[in-house]
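Novice: The sequence isn't on hand, but the structure is:
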C-alpha cells in the first residue's frame with residue numbers, strides 16, 4: 001500500500017476567475033496550493049457594480065480579523081503598493097478607493113507615505129481591480145471638496161489626505177468592515 005507522500009493526488013479548485021489544478025504527491029500539491037493562495041490575494045478583483053465585492057482568498061482572513069474588524073487595506077511592500085480587499089459602493093467607488101489607498105499609504109508606509117505620486121496610486125488602483133484612469137481626474141472631486149491636497153506640479157504632483165479626507169477615509173473603512181463582517185458571518 002503506498003504511503004501518503006507517494007500517493008498520487010489531484011486537486012482542482014475554481015473560485016470566481018481564479019483556477020487551481022495540481023497533480024502529484026500530497027506534499028507537492030499542498031505546497032502548490034499554498035503558493036496559489038498567496039498569489040490570488042494580490043490579483044485584481046473582478047468588480048461587480050454597486051456593492052462591495054470581496055476577494056475569494058480574503059474570506060478566510062476576514063473571519064479571523066482582530067477587534068477593529070477585517071483587514072480591508074493591505075500593504076504590498078514587495079511591490080510598493082496598497083491593495084484593497086473590498087471596494088467602496090456607489091457611483092464614486094474608484095474615487096473613494098483612492099481615498100482608502102492614500103489612507104493606507106499613510107498608515108503602512110510611514111513618513112514617505114504621507115504623499116503619494118500618481119504612479120503609486122495607479123499601481124494600487126489596478127492591483128485593487130479598478131481600471132487604469134488618470135489619477136488627477138479621479139481625484140478632482142475630492143480636491144474640490146478639500147479631502148485631498150496636491151503638492152508639486154505636472155509630472156511631479158503628489159497627493160495627500162487632508163484632515164477631512166483622513167476622517168472620510170476612516171468612515172469608508174468602517175462601512176466596508178461592517179459590510180465584510182456581515183458577509184462573513
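Specialist: Arrived safely, thanks for sending. Remember, predicted model here, so these are calculated numbers, not experimental data. Numbering: from 1, shown residues only.

Novice: going forward, measure contacts between C-alpha atoms and count neighbours the same way
Specialist: OK.

Novice: Surely residue 139 and residue 95 touch.
Specialist: Yes: here residue 139 reaches residue 95: they are 6.1 Å apart, a contact under CA atoms under 8 Å.

Novice: Phi first, then psi, for residue 8.
Specialist: phi -70, psi 140 (degrees, to the nearest 10).

Novice: Return the per-residue confidence for it.
Specialist: In this prediction, residue 8 carries a pLDDT score of 79.

Novice: which residues pair with it across the strands?
Specialist: residue 25 (DSSP bridges).

Novice: what stretches of the chain score poorly on pLDDT?
Specialist: Low-confidence segments of the chain, defined by pLDDT under 70, span residues 1-6, 15-18, 40-70, 181-185.

Novice: All the strands of it, in order from the start?
Specialist: Assigned by DSSP state E, the strands in the chain fall at 8-15, 18-25, 73-76, 81-84, 116-117, 148-151, 158-161.

Novice: now, of these, which is deepest in the fold?
Specialist: Mean neighbour counts were compared across the strands of the chain using mean count of other CA atoms under 10 Å; the top stretch is strand 81-84, at a mean of 27.

Novice: can you give me how far stretch 133-150 is from the chain middle?
Specialist: 20 Å (CA atoms, centre = their mean, to the nearest Å).

Novice: Only the buried residues of it, if you could.
Specialist: By neighbour count, with 16 or more other CA atoms under 10 Å as the criterion, the buried positions of stretch 133-150 are 135, 139, 142-143, 147-150.

Novice: Would you mind measuring from residue 143 to residue 162?
Specialist: Spatial separation of residue 143 from residue 162 under the definition CA to CA, to the nearest Å is 9 Å.

Novice: intersection of neighbour lists for these two?
Specialist: Taking CA atoms under 8 Å, 6 or more residues apart in numbering as the contact criterion, the common neighbours of residue 143 and residue 162 are residue 149.

Novice: Need the distance between the two termini of stretch 98-118.
Specialist: Stretch 98-118 stretches 10 Å from its first residue to its last (CA to CA).

Novice: Show me the contact partners of it.
Specialist: Residues beyond stretch 98-118 that count as contacts (CA under 8 Å, 6+ apart) turn out to be 73-75, 81-84, 121, 124-125, 135-136, 139, 148, 151, 156-161, 165-166, 169, 172-173.

Novice: Just list whatever residues bridge to residue 73.
Specialist: Partner residues in beta bridges with residue 73, using DSSP bridges, are residue 84.

Novice: where along the chain do the helices fall?
Specialist: Using DSSP state H, the helices assigned to the chain run over residues 26-41, 59-63, 93-108, 118-127, 135-138, 140-144, 163-184.

Novice: counting contacts, what elements does the fifth one pack onto?
Specialist: This means helix 135-138. For helix 135-138, the packing partners by 3 or more CA pairs under 8 Å, 6 or more residues apart in numbering; DSSP states H and E come out as helix 118-127.
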